[in-house]
Structure formats: C-alpha cells, structure tokens
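Visitor: what would the 3D arrangement of this be:
(2 chains)
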Amino acid sequence: MQEFKSYLNQLSDHEFSEVVDFYMEYLQDGGFETYEACVAELGTPKQLARKVLADYSIRLLDAPEKEKATMRSRVQQSTTQVHTIWLIVLAILSTPLTIPLGIAVLATLFAVFVAGAAIVFSIVVTIIALLFAAVVVLGIGIAIIGQSLSTGLFYIGGAIASLGLFLICVPVINWFIRGVIHVTLSFSQWLYSKLNRKNRAEERRDQK
Amino acid sequence: MAIQVSSELLDGCVLAILTDQDYYGYALTQRVQQAIKVSESTMYPVLRRLKKNGWLTTYDEPYQGRNRRYYQITSDGRAHLAEIRTDWVTFKAGIDSMMGDEQDHG
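Guide: Residues are numbered from 1 along each chain as shown, chains lettered A, B, ... in the order given. Presented below is the predicted three-dimensional model:
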C-alpha cells in the first residue's frame, strides 16, 4: 500500500485520498491480508497505480469541453495529452501480456510514436531552416544595399516576404502539430481499451 | 465472453444494483462480478464518475474500527438509470433482430 501511494503522487490530494481509501477498504473487506494475496487480487502496486493514473488521465480528457476549458489553456492541454500518451504506454508496459501480442503492440505503438515524432520534427526543422534562410538573405540585402540599391532591395524584399509567409503559416503549423498529437493520443487510447478487454477476459479465465 | 461492457452499461448495472440496497465497494464489486466479467480496477472509475455526476452519494459507516464507504443512489441516479434502461432495450432489440438465436430464450 505504501508503494502504491508513492506511485500516485501526481494526483491531487483529494483524488489521492479517495483512491487510496477505496483500495484500502477493498482489500480489508476482501480479507486480503498478505502482500501476495493483494497482488493476486489487484496486481502489483505499480501495475495498479499505472492503471489508476491512465484511467484518471483518460477521464480528464473525456470531460466535457467547458470543463476542460476552465481547467487549462490549449497549450497546457497539449502537454497533458502528451503526458497521457506516456501514462498509457506505462500502463500497457506494466500489464502482463502474452509475448507475441506484447511484441506486436509495442511495435505498433513504437511505429506510431516514431511516425508522429518524425512529422513534428520535420515540420520544426523546415520552419527553422526557412526562418534562418530569411534572416541570412535579409543580412545580405542590407550588406549590399550600399553597392547596388536594386539588388539590395530585391534581397530585403524577398526576405521580408518569406518572413511574412512564415508568420501566416505559424497558426496552421501549430494546429497541425496539435492534430498529430491528438491522433496519436486517440490511437493509444483505443489500443489501451482493446488491451484492457483482452486482459479482463484473461484474468477471469485464469481465476476460474 | 469477450464482449466489452461500455461505461454507459456499467453505470446502468451499478445504479440498478443500488436501487435494491446500499452497497460498499467490495460487496458491490463482488455483486457485479457475479454477473459479468469486470476487473477490480474498473469499479473505482465507474463509482467516481457516478458520484461526480450526482447519480449516487456516499456515506461512511464505522465497521470494525474503520470506516466503510457506502454508495447510495440519488433521485437523479434513478432518472438516469431509466434513460439507460430505455437505451438498452432499444439496443438489445436491435442486436436480437440480427443475432437472436433459434431457441428464442429472450
């Protein structure tokens, strides 16, 4: 139980005591007194804690829009989403799975994350390159404006135009990156629910 | 049985169980598990959601030197249960019309 508590430190105080009370009472009522009996019923403290945290984050995301809006700004929301993806990965990692299924799931997850990260990364690199190029061209334009007014103006104009283009693109890119994160999150939520179904069935089969 | 029970249905089942009497966490979990296959860690999120929506309330009662948290359905909960029941009847009829078997056990 101590161990379980130590894994739950991310929850708010109120939430924390509710969860702990619930499982404490559950174990006492069920007469699970030894550590082994508790683990047999609920899994190791780590597994249980990860399940609780994953469920908790999913629930937060499922909360109605208006509630979400008051809870945090959009940027924070993206951070929370990334955080949730991470929790789901941990939850999946800590659930006992048959090896082939486990490998398949991990491979799929890994592929999706790499793809998502690659897309985000390439966009960021493109932006930085564009920005850099624009700044360099601006510098060149200013440098040679003394020698040739028309060439200098041409460079400066080009640079300012691409900076403008960049500024127009920023919200679009921002939206796109958020979309990628969101899709990745939905996918891992879906995978998590699929896995959970498998697990419950397996657990019950083993007990009967 | 590998059909996953949706959270709506779990809400309905728990609320229906609570219409008979108040339950505490462990007994409630046992009661649900007699009928369908759910893992122990599924129940907490369900109860929390129901409470948050005002469909049930909790009260503590001392038991052997500690507290037991009992869950009690509210009138909102009863109304919500009626809604879920209606949805379920419609849903069940739909599935039965396609999958209902020859023995016709209802």
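Visitor: got the residues of chain B near chain A?
Guide: B:1-2, B:4, B:24-27, B:29, B:37-42, B:44-45, B:47-49, B:66-69 (Cβ under 8 Å from any Cβ of the partner chain). The way it works is simple: take the backbone N, C-alpha and C, and place the C-beta from them, glycine included.
Visitor: top helix in chain A by residue count?
Guide: Counting residues, the longest helix in chain A under DSSP state H turns out to be helix A:149-207.
Visitor: kindly apply the preceding question to chain B instead.
Guide: Chain B, longest helix under DSSP H: helix B:75-99.
Visitor: returning to that earlier point: turn the buried ones among the residues of chain B next to chain A into a named ChimeraX selection, would you?
Guide: Of these, the buried ones can be selected in ChimeraX as follows, counting by 16 or more other Cβ atoms under 10 Å in any protein chain shown:
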select /B:4,24,25,26,27,29,37,38,39,40,41,42,44,45,47,48,49,68,69
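Visitor: can you tell me which of the residues of chain B next to chain A are in helices?
Guide: Short answer: these in helices (DSSP H) are B:25-27, B:29, B:40-42, B:44-45, B:47-49.
Visitor: contact partners for the closest residue to residue B:62 other than its chain neighbours?
Guide: In space, and not counting its chain neighbours, residue B:62 is closest to residue B:68: 7.6 Å by Cβ to Cβ, 6 or more residues apart in numbering or on different chains. With contact taken as Cβ atoms under 8 Å, 6 or more residues apart in numbering or on different chains, residue B:68 is in contact with A:25, A:29, B:24, B:60-62.
Visitor: list the contacts for residue B:74?
Guide: By Cβ under 8 Å, 6+ apart, the contact list for residue B:74 reads B:54-57.
Visitor: for the residue nearest to residue B:62, give the beta-bridge partners.
Guide: Assessed by DSSP bridges, residue B:68 has beta-bridge partners residue B:61.
Visitor: what is the mean pLDDT for stretch A:25-40?
Guide: For stretch A:25-40, mean pLDDT is 73.
Visitor: tell me how far the ends of that stretch are from each other?
Guide: One end of stretch A:25-40 to the other measures 16 Å (Cα to Cα, to the nearest Å).
Visitor: that one close to chain B?
Guide: Yes - using Cβ under 8 Å from any Cβ, stretch A:25-40 reaches chain B at A:25-26, A:28-30.
Visitor: and the residues you listed, which two are furthest apart?
Guide: Pairwise distances across the residues of stretch A:25-40 next to chain B (Cβ to Cβ) peak at 9.3 Å, for the pair A:25 and A:30.
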